[in-house]
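[1] pasting a predicted model and its sequence here:
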Amino acid sequence: MINKKVQNVEEALKDVQDGMTLMLGGFGLSGLPENCIGELVRKGTTDLTCISNNAGVDDFGLGLLLQKRQIKKMISSYVGENAEFERQMLSGELEVELTPQGTLAEKCRAAQAGIPAFYTPAGYGTEVAEGKEAREFNGKMHIMEEAFKADFSIVKAWKGDEAGNLVFKGTARNFNACMAGAAKITVAEVEELVPVGELDPNFIHVPGIYVQRIFRGEKYEKRIEQRTTRKRS
């Protein structure tokens with residue numbers, strides 16, 4: 001059995017270089033590869049193109065990279081809760097490619113499956129369709145979207161084994177599952193790393209064939225993006 005375990009985040013991201021394209025899992029603040037993002041900040045890697053559903057918040061997640069001006073371009077579906085993301089986009093400091101959320105997920109999944117392109121009705125007749133091939137299927141117009149091309153896919157899982165098999169917990173599965181294996185190299189950080197054979201094969205979400213490097217992360221903050229409570233009766 002091939003052992004894909006690396007000792008730490010430094011080893012996992014040792015060859016991430018300036019100007020690369022990175023996929024990063026997460027949805028809002030759920031399922032973020034916190035250790036890897038922190039290492040990218042520490043390394044000072046710059047001119048990055050980041051593919052992610054959103055960019056965290058101002059002081060957490062990809063917002064940390066935006067603060068340091070390490071991201072050149074964001075490919076995402078949502079600006080939302082990150083005021084710095086919005087500011088950089090509106091001022092022209094940051095190149096942004098807004099993509100319908102389902103299209104973003106499918107562009108990841110297509111890359112994972114080795115499918116170069118697909119047709120979708122989402123975005124037809126809008127700015128999203130500009131410059132893209134359009135075809136009619138069953139009386140409805142579709143546009144062609146190409147699969148993503150990325151250097152690294154960086155994902156976070158709840159559990160993993162040394163062969164790279166991954167198990168996600170709850171909604172933290174989100175974009176992590178379709179990004180694994182969708183780039184040249186997939187790095188997985190996990191909360192719990194176990195020997196091969198300890199994970200029940202029936203509950204593995206991503207098989208190890210999609211992962212090249214895996215390590216156990218530390219000190220997960222796991223922030224809540226919008227805390228909603230009600231008064232006690």
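    Sure thing, it's come through. Values in this document were obtained by computation on a predicted structure and should not be read as measured data.

[2] would you map the helices across this protein?
    With DSSP state H, the ranges of helices along the chain come out as 9-12, 34-43, 63-67, 83-91, 101-113, 174-179.

[3] from residue 68, how far out is residue 42?
    10 Å (Cβ to Cβ, to the nearest Å). Heads up, the C-betas are built off the backbone N, CA and C, glycines and all.

[4] residue ranges with poor pLDDT in this structure?
    Within the chain, the ranges that satisfy pLDDT under 70 run 1.

[5] and the strands in it?
    21-24, 48-51, 71-76, 95-98, 117-120, 134-137, 140-146, 152-161, 166-167, 185-194, 213-216 (DSSP state E).

[6] including mean neighbour count, could those go into CSV?
    Output for those, formatted as CSV (neighbours: other Cβ atoms under 10 Å):
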stretch, mean neighbour count
strand 21-24, 26
strand 48-51, 23
strand 71-76, 21
strand 95-98, 15
strand 117-120, 15
strand 134-137, 10
strand 140-146, 16
strand 152-161, 27
strand 166-167, 23
strand 185-194, 21
strand 213-216, 22
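
[7] so which of these is nearest residue 176?
    strand 152-161 (4.2 Å; Cβ to Cβ).

[8] so what strands line up beside that closest one?
    Taking DSSP bridges as the criterion, strand 152-161 sits next to strand 21-24 (parallel), strand 166-167 (antiparallel), strand 185-194 (parallel) in its sheet.

[9] from the chain's centroid, how far away is the shortest one?
    Right, strand 166-167. Centroid displacement of strand 166-167 relative to its chain, using Cα atoms, centre = their mean, to the nearest Å, is 15 Å.

[10] returning to what we had before: including mean neighbour count and distance to residue 50, could the helices of the chain go into a markdown table?
    As requested, those are exported to a markdown table (neighbours: other Cβ atoms under 10 Å; distance: least, Cβ to Cβ, whole Å):
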| stretch | mean neighbour count | distance to residue 50 |
| --- | --- | --- |
| helix 9-12 | 19 | 17 |
| helix 34-43 | 20 | 9 |
| helix 63-67 | 20 | 7 |
| helix 83-91 | 16 | 11 |
| helix 101-113 | 20 | 12 |
| helix 174-179 | 26 | 12 |
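
[11] okay, those helices in JSON lines with distance to residue 140 next?
    Output for the helices of the chain, formatted as JSON lines (distance: least, Cβ to Cβ, whole Å):
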{"stretch": "helix 9-12", "distance to residue 140": "44"}
{"stretch": "helix 34-43", "distance to residue 140": "40"}
{"stretch": "helix 63-67", "distance to residue 140": "38"}
{"stretch": "helix 83-91", "distance to residue 140": "31"}
{"stretch": "helix 101-113", "distance to residue 140": "15"}
{"stretch": "helix 174-179", "distance to residue 140": "25"}
